[in-house]
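Enquirer: My questions concern the predicted model and sequence given below.
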Amino acid sequence: MGISSIILGVILLVFGRKLFWLFISIVGFLFGMGFAGLVFPDQPQWIQVLFALGAGFFGALLAVLAQRVAFVLAGFYGGFHLALILSQSFASGRNSIVLFAVVGVIGAVFATLIMDWVIIVLSCLLGAGTIVEASGLGQEMRVIVFLLLVITGAFIQIRLLPHSKADFKMSDSE
């Protein structure tokens, strides 16, 4: 996906919490692509893209209609996709759908408990991971760039939060 992955990663990194519906759409799409690649590896690319678009649309629809449920779904999508990125980037590409699902459930639980902050952290991790994955950097450089992007994204998103939320209070969505 190359340049489009980098663009999606930047959007996640900078605007993940501010544009929550877009965050969950992008994460749903990325989740859908990763999941479809694991479950339907022999199917044509268009089937995987169609599955990914469906997951992104479903997430966006929930974000508009049932925001609390969407936070749980975003946590699951984000945790699953983050585990997939990390396994492909740092673990020689070993894939375990059970591990990805467990990390997805952990992300969903945390998103339920401390919504705003989990979405910021997940969007920064996923944005940075998506950018680094598409960059083609070497292993050592990936780690450095990943950490710098996460820190930068978190700083930007915290600054974009309304001032009353910037003191690390747990809060419901806006």
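Expert: Ah, there it is.
Enquirer: tell me the average confidence for the helix ranked longest in the chain?
Expert: Looking across the chain with DSSP state H, the single longest helix is helix 67-90. Per-residue pLDDT values over helix 67-90 give a mean of 74.
Enquirer: chain center to it, what's the gap?
Expert: 5 Å (CA atoms, centre = their mean, to the nearest Å).
Enquirer: and if you look at stretch 134-141?
Expert: For stretch 134-141 - counting by CA atoms, centre = their mean - the centre lies 19 Å from the chain centre.
Enquirer: sorry, back to before: hey, C-alpha coordinates of the longest helix of the chain in PDB?
Expert: C-alpha atoms of helix 67-90 as PDB (Å, rounded to 0.1, in the frame of the first residue of the first chain):
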ATOM      1  CA  GLN A  67     -19.800   5.800  20.400                       C
ATOM      2  CA  ARG A  68     -19.200   3.700  23.500                       C
ATOM      3  CA  VAL A  69     -19.500   0.400  21.500                       C
ATOM      4  CA  ALA A  70     -17.300   2.000  18.900                       C
ATOM      5  CA  PHE A  71     -14.600   2.600  21.500                       C
ATOM      6  CA  VAL A  72     -14.600  -1.100  22.400                       C
ATOM      7  CA  LEU A  73     -14.500  -2.000  18.700                       C
ATOM      8  CA  ALA A  74     -11.700   0.500  18.100                       C
ATOM      9  CA  GLY A  75      -9.700  -1.000  21.000                       C
ATOM     10  CA  PHE A  76     -10.100  -4.500  19.500                       C
ATOM     11  CA  TYR A  77      -9.300  -3.400  16.000                       C
ATOM     12  CA  GLY A  78      -6.300  -1.400  17.200                       C
ATOM     13  CA  GLY A  79      -4.900  -4.100  19.500                       C
ATOM     14  CA  PHE A  80      -5.300  -6.800  16.800                       C
ATOM     15  CA  HIS A  81      -3.700  -4.700  14.100                       C
ATOM     16  CA  LEU A  82      -0.900  -3.500  16.400                       C
ATOM     17  CA  ALA A  83      -0.100  -7.100  17.300                       C
ATOM     18  CA  LEU A  84       0.000  -8.000  13.600                       C
ATOM     19  CA  ILE A  85       2.300  -5.000  12.700                       C
ATOM     20  CA  LEU A  86       4.700  -5.900  15.600                       C
ATOM     21  CA  SER A  87       4.800  -9.500  14.700                       C
ATOM     22  CA  GLN A  88       5.600  -8.700  11.000                       C
ATOM     23  CA  SER A  89       8.100  -6.000  11.900                       C
ATOM     24  CA  PHE A  90       9.900  -7.500  14.800                       C
END
